[in-house]
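Colleague: quick one, structure for this:
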Amino acid sequence: MGDTNMNAGHGQYNKVGLRELIIKMVALIRYLLNKWLIILMIALLGAALGLCYSLFKKTDYTATLSFVMDESSASQGSLGAAATIAEQFGFNLGGIGSIGGFFKGDNIIEFLKSRSMVDETLLTEVALDGKKTLLVDRYIAYHNLREKWASKKPQLVDLQFRDTTGVFLQDSLMATFYKAILRENLVVEKLDKKSNIITIEVESPDEGFSKVFAEMLIKNATDFYVQTRTQKAKENLDVLTHQVDSVRRELNEAISGVAAATDANPNPNRAFQSLRVRSQLHTVDVQANTAILTELVKNQELAKITLRNEKPVIQVLDKPILPLENDKLGKLKAVIIGGFLGGFLACLALVLMRLYRQIMSGDLA
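Modeller: Purely as a prediction, here's the structure:
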């Protein structure tokens, strides 16, 4: 019997609480409807601000480029036996695995964001809008820096950038540009930690600059990477090529010596063995140089294979294609969003003011 009365009491309490909540909600809606003019004015103000934002905001264009690293070294796999044979003759056809480690993992991300790579990219000459220009000049142009320098730093107005380092004024400006680009324009990251795909994003108000900067950055990094990975193999190939040419010249001279000795005494008397010495000496030279040349040519071909297998190291998956993605906000969309935010904030402010007055007057209940 007691439990029944308790449940009935709870049911009545819930009904009373729900009734009061509905009454307060209706009263709040009526209050806001009475303030419709204020809400409308603030909503129109928000719409106007949204329209101004869409008209005056600079549109940023984002160029996205993705690539994957080829960290395998063919010379350490299928060419391992060939490298071992070559080492017997004093040539190191591999020996570059440690260089690959420099580009593994997150190292390549920091490398792409390094001062040297960004500076080299900015000082790269490219074709934009039908004319050749340095990317750094394009960067200066869309920032209107020369107009700003005219009043504050006139000595910089006529500064011409060169593809070099060690110039104090140029290097100091490049340092400033580098920090700004890392902060505002360039993002290099792995979208998924489990994959090896790395993405480069360049965002700027200049669509051409964004596209070409991303492309030149990966090109310069690829050139540096290929040069680094193939440096040892190329040096070995150059040495082998020089030795092959040298031995071939000596072999040709030895063959010519045999022919000359034979022509000088075509029918030597067998009783005089000394007449055959000169021809025999040149014949020995021919045989020795032939054996040496055979081994050198083998190693030269192995070096060529090693060099070819070290070249493909960065594979671009997606390149930026015009038109680029942008954050431009349409006028109608800006008006709708601005008006909605203005009306919402107006309602929120009016509700908070009403609650404050009720609390201060003790009429909240």
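
Colleague: if you count neighbours, what's buried in stretch 45-60?
Modeller: Under the neighbour-count criterion of 16 or more other C-beta atoms under 10 Å, stretch 45-60 has 46-47, 49-51, 54, 60 buried. Every residue, glycine included, has its C-beta placed from N, CA and C.

Colleague: correction: stretch 216-225
Modeller: By 16+ other C-beta under 10 Å, the buried positions in stretch 216-225 come out as 216-218, 220-222, 225.

Colleague: now render the residues you listed as a markdown table, adding distance to residue 306 and secondary structure.
Modeller: Shown next, in a markdown table, are the buried residues of stretch 216-225 (distance: C-beta to C-beta, whole Å; DSSP: H, G, I helix; E, B strand; the rest coil):
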| residue | distance to residue 306 | secondary structure |
| --- | --- | --- |
| 216 | 29 | helix |
| 217 | 28 | helix |
| 218 | 25 | helix |
| 220 | 24 | helix |
| 221 | 22 | helix |
| 222 | 19 | helix |
| 225 | 16 | helix |
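
Colleague: so which of these comes closest to residue 31?
Modeller: Of all the buried residues of stretch 216-225, residue 217 has the smallest distance to residue 31: 58.3 Å, by C-beta to C-beta.

Colleague: wait, isn't the closest one in contact with residue 112?
Modeller: Yes. Residue 217 lies in contact with residue 112 (C-beta atoms under 8 Å); the separation is 6.4 Å.

Colleague: overlap in contacts of these two?
Modeller: The contact sets of residue 217 and residue 112 overlap at residue 200 (C-beta atoms under 8 Å, 6 or more residues apart in numbering).

Colleague: which residues touch residue 223?
Modeller: Contact criterion C-beta under 8 Å, 6+ apart gives no residues in contact with residue 223.

Colleague: so it belongs to a helix, correct?
Modeller: Yes. Residue 223: assigned to a helix according to DSSP: H, G, I helix; E, B strand; the rest coil.

Colleague: need phi/psi at residue 58.
Modeller: For residue 58, the backbone dihedrals (degrees, to the nearest 10) come out as phi -70, psi 140.

Colleague: okay, now residue 339: neighbour count?
Modeller: Neighbourhood size, residue 339 [other C-beta atoms under 10 Å]: 21.

Colleague: so which helix or strand takes in it?
Modeller: If you go by DSSP states H and E, residue 339 is part of helix 331-361.

Colleague: could you list the buried residues of that helix?
Modeller: Residues of helix 331-361 classed as buried by neighbour count (16+ other C-beta under 10 Å): 334-335, 337-339, 341-343, 346-347, 350.

Colleague: shaky segments in the stretch 251-365 of the chain?
Modeller: 254, 257-285, 307, 310-313, 362-365 (pLDDT under 70).

Colleague: can you map out the strands along it?
Modeller: 314-318, 325-326 (DSSP state E, counting those that start in this stretch).

Colleague: you'd agree residue 53 is up against residue 334?
Modeller: Yes. Counting by C-beta under 8 Å, residue 334 is a contact partner of residue 53 at 5.9 Å.

Colleague: now for residue 212: which residues touch it?
Modeller: Counted by C-beta under 8 Å, 6+ apart, residue 212 has contacts 126, 128, 135.

Colleague: touching, the last one and residue 121? I think so.
Modeller: To tie it back to what came earlier, the one meant is residue 135. Yes. Taking C-beta under 8 Å as the definition, residue 135 is a contact partner of residue 121 at 6.3 Å.

Colleague: quick one, which of the two is more surrounded?
Modeller: Between residue 135 and residue 121, residue 121 has the larger neighbour count (other C-beta under 10 Å), namely 25 against 22.

Colleague: distance of that one relative to residue 42?
Modeller: 48 Å (C-beta to C-beta, to the nearest Å).

Colleague: may I have the beta-bridge partners of the closest residue to residue 203 other than its chain neighbours?
Modeller: In this structure, residue 203 finds its nearest non-sequential neighbour in residue 62, 4.6 Å apart by C-beta to C-beta, 6 or more residues apart in numbering. Legend: beta-bridge partners of residue 62 under DSSP bridges are residue 203, residue 325.

Colleague: now residue 62: how far from residue 199?
Modeller: Using C-beta to C-beta, residue 62 is found at 11 Å from residue 199.

Colleague: same check, this time on residue 255
Modeller: For residue 255, the distance to residue 199 - C-beta to C-beta - is 61 Å.
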